[in-house]
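S.K.: Dropping the sequence and predicted coords here.
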Amino acid sequence: MSWTQQKGGEVGANKSILDVLARLPLIRLFNLKGYSRVLPATLEERLASTSNADDHLEAATLYQNKARELEAEAVEFETAVSKIRPLEDTKGFRRGALMTAVQTKRHRAKQMQELYAAHLEKARALQGTAQSAGKDKQRGRES
């Protein structure tokens, strides 16, 4: 943003569309959406009490989707960093803030992937247990 002297001695900002657009990714840095609840409260309650394989599969899907969303946001920030010319950010504040956002988004995406894997594993274990129980019941009827 460049500062210009206007009539009457006022100093104002001369904003171009490009200046405004260049700052949009910084606005998204402060968006707390990335740290909002991933699972609906009802699903969290079911997982805490009477969870079944379907509940864990649903949670796994939601965590995987969130991981993908966070990774896409990290890529957006990296793209924004690559478009910053040295004279636009002489002290590197914007570039540094965006790179911090990239690292934060990627860290969060990794956490979501780990939760995805844990819930998928739990769902498979519960499905295996349910299948074993079904086979045992069927064997009991045959005897």
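M.R.: Received it, and whenever you're ready, just let me know what you need. Please read these numbers as outputs of a predicted model, since none were measured by experiment. Residues are numbered from 1 along each chain as shown.
S.K.: what comes up buried for the strand or helix carrying residue 47?
M.R.: In the assignment (DSSP states H and E), residue 47 maps to helix 41-48. Residues 43, 46-47 are the ones in helix 41-48 that count as buried (16 or more other CB atoms under 10 Å). Using the backbone N, CA and C atoms, a C-beta is placed for each residue, glycine as well.
S.K.: what does stretch 117-129 give?
M.R.: Residues 119-120, 122-123, 126 are the ones in stretch 117-129 that count as buried (16+ other CB under 10 Å).
S.K.: which ones among the residues you listed are found in helices?
M.R.: Counting by DSSP state H, the part of those found in helices is 119-120, 122-123, 126.
S.K.: Now render these as a markdown table, adding distance to residue 67 and pLDDT.
M.R.: Below are those laid out as a markdown table (distance: CB to CB, whole Å; pLDDT from 0 to 100):
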| residue | distance to residue 67 | pLDDT |
| --- | --- | --- |
| 119 | 12 | 95 |
| 120 | 12 | 96 |
| 122 | 17 | 94 |
| 123 | 17 | 94 |
| 126 | 22 | 92 |
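S.K.: Any stretches of this structure with poor pLDDT?
M.R.: Across the chain, the ranges flagged by pLDDT under 70 are 1-36, 133-143.
S.K.: Where do the strands of it begin and end?
M.R.: Under the criterion DSSP state E, the chain carries strands at the ranges 2-5, 11-14.
S.K.: Residues contacting stretch 113-123, please?
M.R.: Stretch 113-123 is contacted from outside by 38, 51, 53-54, 56-57, 59-60, 63-64, 67, using CB atoms under 8 Å, 6 or more residues apart in numbering.
S.K.: could you redo the last one with a cut-off of 10 Å?
M.R.: Outside stretch 113-123, the residues within contact range by CB atoms under 10 Å, 6 or more residues apart in numbering are 38-39, 47, 51-68, 70-71.
S.K.: about what we covered before: list the helices and strands the helix holding residue 47 packs on?
M.R.: With contacts defined as 3 or more CB pairs under 10 Å, 6 or more residues apart in numbering; DSSP states H and E, helix 41-48 has these neighbours: helix 53-82.
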